[in-house]
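Asks: Sequence first, then the predicted structure, then my questions.
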Amino acid sequence: MRSTIFRAATALMAILTPIIVTAANPLQIRTHINGHTLSPRATFAYGQGNTTDVIIRTEIPRLIIYFQTTHDESGKPISMLPLVTEKNIALTHLIVCSLHIQKDGNITLNDHQPTDPRYGTLWQETQILGYAGVKIMGMIGGAAAGSFTPDTLDSANETVFNRYYGQLHETIKRYGLQGLDIDVEQPMSQGGIERLILRLRADFGKDFIITLAPVASALTMGGWNLSGFDYRKLMLAPSGAGKEVAFYNCQFYSGFGDAGNPNQFHQIITDNAQRDMRGALSPTKIVIGQLTNPNNGGGFVTAGTLANSIKTLRDVYGQIGGVAGWEYFNGQPGGVEEPWKWAQTMTAILRPNQVPKLKLTVEMAVKLKDVWKESAAAGMRQVVGNVKVQLEGLEPTVDYMAMVNA
C-alpha cells in the first residue's frame, strides 16, 4: 500500500511542479516545469512597462509585511494580491517566510521544499506584486532551530558552509528574490554572520537587499539578544559586513520591545550614539516590527496607539525606517476574511500619497486561477490525506476576475 501511494503522489508531483522564476529581472521571466518551458496556458506573458501606472517613488518610510501562512485551514492558498489590488495600500516590501536549513536536510519553506506544488500560487503572485513596485524578499531563520548552527550556516568548515549556503543561494536565484531578511533566533558567531552577509553581497550584487531581524532589545546596551553575536559590533566590523545591512526589522513585541510609546526607539538611538557608532545606525534604518493581530504573539499595539508613537518619532527624527507587520493572513481589522486591511491602516499612517496602481488583464486572471487550483490540490492533499484531489472541482477563494482592470 505504501509503494502504491508513493507512486501516485510522485506522479501528481510531476504534474503539479510549481512555476520557477529563473530571471533576476521580474520583467524578463522564463518559467519552467521540470526543465521544460511551460505552455502559454500556464505562463505569464507581461509586457514591460504596461503593468503599472505608478511605481512607488520613495522607499522610506517602508511598509513591510511578512507572508508566512500560505494556506488556510482547508489547505487552499491565501492570495496576497489584495495588497496591490485593493485601494489605498502602499506596500514597499513583502517578505516570504520562513526558509529553514537543517543538518543533512534540504532547504524548506516552512514545512515543505520551496519547489513543492503547494507554493505555485505564492510564486506566481509575488511576480505580480513585483510589477506593482513591491520588493520581494525571502526570510531565513526565525524561531525554528537549525539554520545557523555550527553544523550548517555557522560552520567553521567551509565545505559544510558551502553545502548549505548553496541551497539558500539556489532558492534566491530560482525565484528571483530581491533580498534576504536574516532572522537569527539562536546562537551564531560574530564571524558567521559577517561571512553570510559578505557572501550574499558578493554573489548577488549591490542592489540585493540584506536585512536583519533582531529583537528590539538587542540594539540597546545590555538588552536581551537571541542571536549570540553583537549587533553593534557588526555595524562597525572591520570586514564592512555591517555596512551591507540595509535596515533592521526590529521585533517590538513579545516582551522584547514596545511600540506603544516611543521610549524604546529613543533608547536604541541614544545607546548607539553613546557607543560612538559614528552614524552607523540612523533612525531610518530601524523598522518597527509589529504584530498584525493579537493572536500572533504578545504585546499587540493598536493602530491608534502606534500612530501616536510614530508621530512623536517623526517630530523628533524627521523620519523613521517604517513598520513591518507579522504576519499577513489574519491582519486586523479585517482578520482572515480581509487581512489586507492592516496594510491599508498602516498606509494611512505612513505612506498616504505613495499608492501604486496595478493593471491586471483577463489573461493574467485566468492563469492565476489555473495555478491556484494546482496549489490548492497540493495543499489539500496534506489536510485530507488524499492524493486524488480533482482540479475541476476547485474554485479559488479569491476572485481574480474581479481584480481585472485592463
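Replies: Yes, it's here. Note that the coordinates shown come from a computational prediction; the quantities given were computed from them, not determined experimentally.
Asks: Quick check: which ranges of the stretch 51-200 of the chain have low pLDDT?
Replies: 51-57 (pLDDT under 70).
Asks: can you list the domain ranges for this protein.
Replies: Domains of the chain are assigned by the TED database as 62-350, 362-403.
Asks: among those domains, which is nearest Pro356?
Replies: Taking Cβ to Cβ, domain 62-350 is the member of the domains of the chain nearest to Pro356, at 4.8 Å. All C-beta atoms are positioned from the backbone trio N, CA, C, and that covers glycine.
Asks: Using JSON lines, lay out the domains of the chain together with mean neighbour count and distance to Pro356.
Replies: Converted to JSON lines, those look like this (neighbours: other Cβ atoms under 10 Å; distance: least, Cβ to Cβ, whole Å):
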{"stretch": "domain 62-350", "mean neighbour count": "19", "distance to Pro356": "5"}
{"stretch": "domain 362-403", "mean neighbour count": "17", "distance to Pro356": "14"}
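Asks: quick one: the nearest residue to Thr152 once chain neighbours are set aside from Leu99, how far?
Replies: The shortest distance from Thr152 to any non-neighbouring residue, by Cβ to Cβ, 6 or more residues apart in numbering, is to Tyr164 (4.6 Å). Distance check for Tyr164 against Leu99: by Cβ to Cβ, to the nearest Å, it reads 11 Å.
Asks: which neighbours do those two share?
Replies: Residues touching both Tyr164 and Leu99 (Cβ atoms under 8 Å, 6 or more residues apart in numbering): Ile107.
Asks: need the strands for the stretch 301-406 of the chain, in chain order.
Replies: 322-326, 357-358 (DSSP state E, counting those that start in this stretch).
Asks: Give me the distance between whichever strand or helix holds the residue nearest to Thr152 and the centre of its chain.
Replies: Tyr164 is part of helix 158-174 when elements are defined by DSSP states H and E. Centroid displacement of helix 158-174 relative to its chain, using Cα atoms, centre = their mean, to the nearest Å, is 19 Å.
Asks: cool, stretch 230-241 as well?
Replies: Centroid displacement of stretch 230-241 relative to its chain, using Cα atoms, centre = their mean, is 24 Å.
Asks: Between its first and last residues, how far does that stretch reach?
Replies: The straight-line separation of the ends of stretch 230-241 (Cα to Cα, to the nearest Å) is 13 Å.
Asks: Please tell me how far Thr152 sits from Thr292.
Replies: Thr152 sits 30 Å away from Thr292, going by Cβ to Cβ.
Asks: same question, Tyr231
Replies: Relative to Thr292, and taking Cβ to Cβ, Tyr231 is found at 25 Å.
Asks: List the contacts of Ala343.
Replies: Leu63, Ile65, Leu83, Ile89, Leu91, Gly325, Gly331.
Asks: Span of stretch 314-329 from start to end?
Replies: The first residue of stretch 314-329 is 29 Å away from its last residue (Cα to Cα).
Asks: From the chain's centroid, how far away is that stretch?
Replies: The chain centroid and the centroid of stretch 314-329 are separated by 16 Å under Cα atoms, centre = their mean.
Asks: what's the answer for stretch 141-157, then?
Replies: 20 Å.
Asks: Start and end of that stretch, how far apart?
Replies: End-to-end for stretch 141-157, by Cα to Cα: 20 Å.
Asks: How about stretch 214-224?
Replies: 10 Å.
Asks: Mind giving me the packing neighbours of the top helix by length along the chain?
Replies: The helix that spans the most residues within the chain, counting by DSSP state H, is helix 362-384. Applying 3 or more Cβ pairs under 8 Å, 6 or more residues apart in numbering; DSSP states H and E, one finds that helix 362-384 contacts helix 2-15, helix 120-131.
Asks: what ranges of the stretch 301-406 of the chain fall below the confidence cut-off?
Replies: Flagging of the stretch 301-406 of the chain using pLDDT under 70 yields the residue ranges 357, 382-393.
Asks: Report the separation between Ala218 and Met401.
Replies: For Ala218, the distance to Met401 (Cβ to Cβ) stands at 46 Å.
Asks: if we can go back for a sec, now the longest helix of the chain: how far from the chain's centre is it?
Replies: When C-alpha coordinates are averaged (Cα atoms, centre = their mean), helix 362-384 and its chain have centres 21 Å apart.
Asks: Also compute the angle for that helix relative to helix 120-131, please.
Replies: Comparing the axes of helix 362-384 and helix 120-131 via axes from the mean of the first three to the mean of the last three Cα atoms, to 10 degrees yields an angle of 140 degrees.
Asks: bridging residues for the residue nearest the centre of the chain?
Replies: The residue lying closest to the centre of the chain (Cα atoms, centre = their mean) is Ile95, at 1.1 Å. Applying DSSP bridges to Ile95 yields these beta-bridge partners: Tyr66, Met137.
Asks: can you check Leu109 too?
Replies: With DSSP bridges as the rule, Leu109 is bridged to Leu99, His112.
Asks: In contact with it, which residues are there?
Replies: Per Cβ under 8 Å, 6+ apart, neighbours of Leu109: Val96, Cys97, Ser98, Leu99, His100, Asp116, Tyr119.
Asks: And the third one, how far from Phe252?
Replies: Ser98 sits 19 Å away from Phe252, going by Cβ to Cβ.
Asks: what's the answer for Asn308, then?
Replies: Asn308 sits 14 Å away from Phe252 when distances are taken as Cβ to Cβ.
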